[in-house]
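Trainee: sequence first, predicted model second:
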Amino acid sequence: MEAIVRILRVFVFHRLTDLYGDIPYSEAGQAVISDILTPKYDKQEDIYADMLNELEVSAAALGSGMSGFGSADLIFQGDQTKWKKFANSLMLRLALRMSNVDPAGAEQWAVKAINGGVMTSNADIAFIQMQTGPTALNQSAFGQVFLVDDVSLSTTLVDALSGDPRLPILAARRSDESTAIPDLQGFPNGLDLTMLAASTGEANEDNYAHPNRMLVGLDGYTVFQTYAEVELMIAEAALKGWVSGDVEQHYNAGVTAAMKMYEGLYGPAAAVADGDITTFLQNNPYDAANGMEQISTQHWIATFFNEYETYSNWRRTGYPVLVPVNYPGNVTNGTIPRRMTYSTSEQSNNTANYNAAIESQGPDVMTTRMWWDVN
């Protein structure tokens, strides 16, 4: 049970540091235990080193039976084997995250993760099914946003899914409900409805692709990591020469898992036929000359509904190549942000450590890059 909690703690802190960079870590949560009310900010490099060690120790402590959490474990219902796979899969994710700044260390940890045993099927996906109530805390965040606000899918994503059998599963025009249609269009990047009307004369957002409603119910899923992501990461590790194995085989396995996972989560209406997957891979074969771009682009698509990972892996790899927009009033001069800024309360409540973090990492602005973000 302790090992499971340590793995979950790593997951939380890896999301935090990947959004902000240097954060309170070694002294975080010590207010009651050690009377530390103003925790220092640890360097992201040091945080990564400790998170990887935590995953290694925790995975080694797990057995093959059920933990004492049982059904209170909302992710794996106490299954230690699945937690161990999740720990090693997270280890692989973190290893690749630092591949541009510490390639030797990244290779060492990637090999250790894969040899330790990562996810092997869609049955290993780490997720929580949310509920319709009793409060918003129990509900899917995507459902809360997509069912209320006018959120469209961008031209970038819809165009990338051209000829992909996932398009009618992930997207639908609101005016057509969930009916699959052949002419789905993405909303032009960088425009709002007023700008769209001025630019094209079009004023009806319902004519553009939206997230398919069958995927965004209040009782939908919060996904932490998938088998599809793992296979694509192994493909990248093989491409880098870190592990043996056929890159194309792992690439195809990753794409296939990404296409089939929606059926397992949402039922037959979200199924992609095996024949359609075969046809897609035949029409879009793995190309070693563009291997990194293909793997990263499929990773980007596979992490739909996991925006944290989509954002982080894009910053690491630079793929797919995105065209920034210069929306009026933006604070990054028309560039894509590289991080989130710290809470304003830190400036007054933890001033000395906040200032030390800025001196170490750089200005507290969205364009400052963190340790692993050098692409």
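Mentor: That came in fine, so what should we check first?

Trainee: what's the first helix or strand after the strand or helix carrying P168?
Mentor: Counting by DSSP states H and E, the secondary-structure element that holds P168 is helix 167-170. Following the chain from helix 167-170 toward its C-terminal end, the next helix or strand by DSSP H and E is strand 171-173.

Trainee: thinking again about what came up before, buried stuff in the helix holding P168?
Mentor: By neighbour count, with 16 or more other CB atoms under 10 Å as the criterion, the buried positions of helix 167-170 are L167, P168, I169, L170. For every residue, glycine as well, the C-beta is placed using N, CA and C.

Trainee: now the residue nearest to the spatial centre of the chain: closest residue in space that isn't a chain neighbour?
Mentor: For the chain, the residue nearest the mean C-alpha position is E309 (2.0 Å; CA atoms, centre = their mean). Closest residue to E309 apart from its sequence neighbours, by CB to CB, 6 or more residues apart in numbering: T303 at 4.6 Å.

Trainee: need the contact list for that neighbour.
Mentor: Contact analysis of T303 by CB atoms under 8 Å, 6 or more residues apart in numbering lists T226, E229, E309, T310, N313.

Trainee: for those, give me a markdown table that also has pLDDT.
Mentor: Listed next are these as a markdown table, based on pLDDT from 0 to 100:
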| residue | pLDDT |
| --- | --- |
| T226 | 98 |
| E229 | 98 |
| E309 | 97 |
| T310 | 97 |
| N313 | 98 |
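
Trainee: list just the nearest of these to S34.
Mentor: Using CB to CB, E309 comes nearest to S34 of the contacts of T303, at 32.5 Å.

Trainee: SS state for that closest one?
Mentor: Secondary structure assignment for E309 (DSSP: H, G, I helix; E, B strand; the rest coil): helix.

Trainee: how near is it to K84?
Mentor: 20 Å (CB to CB, to the nearest Å).

Trainee: same question for P134.
Mentor: Noted for P134: a distance of 34 Å to K84, by CB to CB.

Trainee: the more surrounded of the two?
Mentor: Taking P134 and K84 together and counting by other CB atoms under 10 Å, K84 has the greater number of neighbours (24 against 8).

Trainee: and the more buried one, which of the three is it?
Mentor: Going by three-state DSSP, the secondary structure assigned to K84 is helix.

Trainee: which residues are in contact with the closest residue in space to it that isn't next to it in sequence?
Mentor: On the basis of CB to CB, 6+ apart, the spatially nearest residue to K84 that is not a chain neighbour turns out to be L62, at 4.5 Å. By CB under 8 Å, 6+ apart, the contact set of L62 is A3, I4, Q80, T81, W83, K84, A87.

Trainee: just the strands in this protein please.
Mentor: 23-24, 41-42, 126-129, 171-173, 209-211, 221-225 (DSSP state E).

Trainee: and the residue of the chain positioned farthest from its centre, what's its pLDDT?
Mentor: The centre of the chain is farthest from one residue, G201, which by CA atoms, centre = their mean lies 35.5 Å away. pLDDT recorded at G201 is 85.

Trainee: against T297, how distant is it?
Mentor: G201 is 32 Å from T297, by CB to CB.

Trainee: not counting its neighbours along the chain, what's nearest G362?
Mentor: What sits nearest to G362 in space, not counting adjacent residues and going by CB to CB, 6+ apart, is T368, at 4.1 Å.

Trainee: do the same with W314
Mentor: For W314, ignoring the flanking residues on the chain, the nearest one in space by CB to CB, 6+ apart is W300 at 6.3 Å.

Trainee: and if you look at E229?
Mentor: Of all residues beyond its chain neighbours, the one nearest E229 is A302 (5.8 Å), with distances taken as CB to CB, 6+ apart.

Trainee: mind listing what the one you found touches?
Mentor: T226, A228, E229, L232, G254, V255, A257, A258.

Trainee: and for the nearest residue to the fourth one once chain neighbours are set aside, the neighbour number?
Mentor: Here the nearest residue to L232 in space, its sequence neighbours aside, is G254; by CB to CB, 6+ apart that works out to 3.7 Å. Burial of G254, expressed as a neighbour count using other CB under 10 Å, amounts to 25.

Trainee: next up, the contacts around G254.
Mentor: With contacts defined as CB under 8 Å, 6+ apart, the neighbours of G254 are A228, E229, V230, E231, L232, I234, A235, I295, Q298, H299, A302.

Trainee: same question for K240.
Mentor: The neighbourhood of K240, defined by CB under 8 Å, 6+ apart, consists of S99, E107.
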